[in-house]
Structure formats: C-alpha cells, structure tokens
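A.B. asks: Sharing a model that was predicted from the sequence below.
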Amino acid sequence: MLIKKSSFFVLVTSLLLLGCTQQATKNGDQISTVKSTATELSFREFYKLPIGPNGLEPTSKLLSLKDKRVHIKGFMVKAEDPVAGIFMVTLVPVNIPEKEDGPSDDLPGATVFVHMPAEDTAKILAYRPGMWDLVGTLQLGAKEESNGRISYVRLLLDQVPAQIFVE
C-alpha cells in the first residue's frame, strides 16, 4: 500500500510538472515569435564611437531601422515624478532625482523614450528594477516629450509586456 501511495504521488507530481512545462513552452514560443519578427537593437548600436567633433552621430544601423519593429533590452530609468504614457530605458540602471537637480542628471545619450500603446497612454507605470525586454516601432528625430525632455530615439510599444504592473 505504501508503494502505491508514493507511486501515485510521483505520477501526479510528474503530470503537474509536465503541464507547467508545456504551458511555459507555449508562452515562450509566443514571445519568441513576436521577437523574431523584430530586429535586435542594442544601445551600443545607437551612436558612432568614438564621439567626434559633431557630438553623438547615429549609426547606419540605427538610421536603417527608423519606422521598423525592433527588439531592445534595457533598464527602466527610475524617475522621481513619472509621467503617464511614457518611460525611459537605458543600457544601465539610472535614477534621476528631478526636483532637486532639475534637468541636470546622468541620463546617458543612448536613452530610449518608450511610449505606451494608445489604450495605455493615461497610465503611469510603476518602477520595476531589472532588465526590460521590449518590442515596438522605432522612431527617430528630435521631439519634445510630455516629461519636458527632448528625445531622439523613441520606441512605440506594440503592447505592454505581461510582467509590467500599471498603477
């Protein structure tokens, strides 16, 4: 009887694990399909190095991806006063205390201003540390943002990633 109970427990546990694995694989397949239709872009591919007398100059890769779907990974900038519908992402974690320092901060030149999808533009995203994995349409060109900053690189999100919690 003892052997049968332990065998039953092993069987049930195995079936549960198998089901979880299949669901994770299915979700992973959906995510990788979305990413596979977008071109990988890293922050190191934004501007030519070394920086010359003309300042930051976009690379040919960045320019070639204008208005195309890209996949980029980075860290959300921790802003003291976040603005609805937009957040910033950089290669390294950054914290910008806007009230005390005004626009004088350590925001890297290679910063992406991420715009939420149309249905989420009134929402403010809660800060979440760690790497963000984003897919959307790349826009280039100087533009004044709703947070008062001037952007050059923007990402219009296809959809808000599932792991992001909106306040």
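C.D. replies: Happy to help now that I have it. Keep in mind it's a predicted model, so treat the numbers as computed, not measured.
A.B. asks: All the strands of the chain, in order from the start?
C.D. replies: 39-40, 69-76, 78-79, 86-90, 95-96, 111-115, 131-144, 150-157 (DSSP state E).
A.B. asks: what would these look like in CSV with mean neighbour count and distance to residue 53?
C.D. replies: Heads up, the C-betas are built off the backbone N, CA and C, glycines and all. As requested, those are exported to CSV (neighbours: other C-beta atoms under 10 Å; distance: least, C-beta to C-beta, whole Å):
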stretch, mean neighbour count, distance to residue 53
strand 39-40, 13, 30
strand 69-76, 20, 28
strand 78-79, 18, 32
strand 86-90, 22, 25
strand 95-96, 14, 28
strand 111-115, 23, 22
strand 131-144, 15, 20
strand 150-157, 18, 18
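A.B. asks: per-stretch mean pLDDT over these, give me the minimum one.
C.D. replies: Ranked by mean pLDDT, these end with strand 95-96 at the bottom, a mean of 85.
A.B. asks: before we move on, the earlier item: of the strands of the chain, which approaches residue 47 most closely?
C.D. replies: Closest of the strands of the chain to residue 47 is strand 150-157, at 9.5 Å (criterion: C-beta to C-beta).
A.B. asks: Dump the strands of the chain to a markdown table, plus distance to residue 48.
C.D. replies: Shown next, in a markdown table, are the strands of the chain (distance: least, C-beta to C-beta, whole Å):
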| stretch | distance to residue 48 |
| --- | --- |
| strand 39-40 | 19 |
| strand 69-76 | 18 |
| strand 78-79 | 28 |
| strand 86-90 | 18 |
| strand 95-96 | 26 |
| strand 111-115 | 17 |
| strand 131-144 | 15 |
| strand 150-157 | 14 |
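A.B. asks: for those, which one sits closest to residue 56?
C.D. replies: Using C-beta to C-beta, the nearest of the strands of the chain to residue 56 is strand 150-157, at 8.1 Å.
A.B. asks: Now do that closest one and strand 86-90, the angle between them.
C.D. replies: Angle, strand 150-157 to strand 86-90, by axes from the mean of the first three to the mean of the last three C-alpha atoms, to 10 degrees: 100 degrees.
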